[in-house]
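# Okay, here's the prediction I keep looking at, along with the sequence it came from:
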Amino acid sequence: MRPYLTDAEIISLYWARDEQAVTETARRYGSYIHAISVQILESEPDAEECVNDTYLKAWNTIPPQKPFSLKDYLGRLVRHLSIDRYRAMRRAKRNINVTE
């Protein structure tokens, strides 16, 4: 098994717009961000979708962002995306019994 790339190397791949950046991000931090999302959503399919959305958000925001800690940056992204999804699901459940 080859060693993980450092955060700086992965961020350099994002800045170079190299798609390998997403692969290396998933390899190094995939289980970490998945665990965060599952704890918030308590749903594997929803968590997996948030993880994929996190990779997309990282791709779209690096550059111009250049995070000091990629782990913290990804954790913040997945946490916000998961909380937004959780709130949307609760909102949908709350409105299911509304009749017109």
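Everything's here; your move. Numbers count the residues shown, from 1 in each chain.
# what about the nearest residue to residue 20 once chain neighbours are set aside, how many residues close to it?
Leaving aside its sequence neighbours, residue 20 sits nearest to residue 13 (CB to CB, 6 or more residues apart in numbering; 5.5 Å). Any C-beta I mention is one placed from the backbone N, CA and C, and that applies to glycine too. A count of nearby residues for residue 13, using other CB atoms under 10 Å, gives 18.
# what does the one 4 residues further on give?
The tally of other residues near residue 17 (other CB under 10 Å) stands at 10.
# Pull the contacting residues for residue 4.
Counting by CB atoms under 8 Å, 6 or more residues apart in numbering, residue 4 makes contact with 24, 27, 28.
# Buried ones among those?
Among those, the ones that count as buried by 16 or more other CB atoms under 10 Å are 24, 28.
# picking that back up, sticking with the residue nearest to residue 20, tell me its helix or strand.
According to DSSP states H and E, residue 13 maps onto helix 7-15.
# How about residues contacting whichever helix or strand comes after that helix?
Note on helix 7-15: by DSSP H and E, the next helix or strand toward the C-terminus is helix 20-41. Outside helix 20-41, the residues that touch it by CB under 8 Å, 6+ apart are 4-5, 9-11, 13-14, 44, 46-48, 50-51, 54-55, 58-59, 62, 70-71, 74-75, 77-79, 81-83, 85-86, 89.
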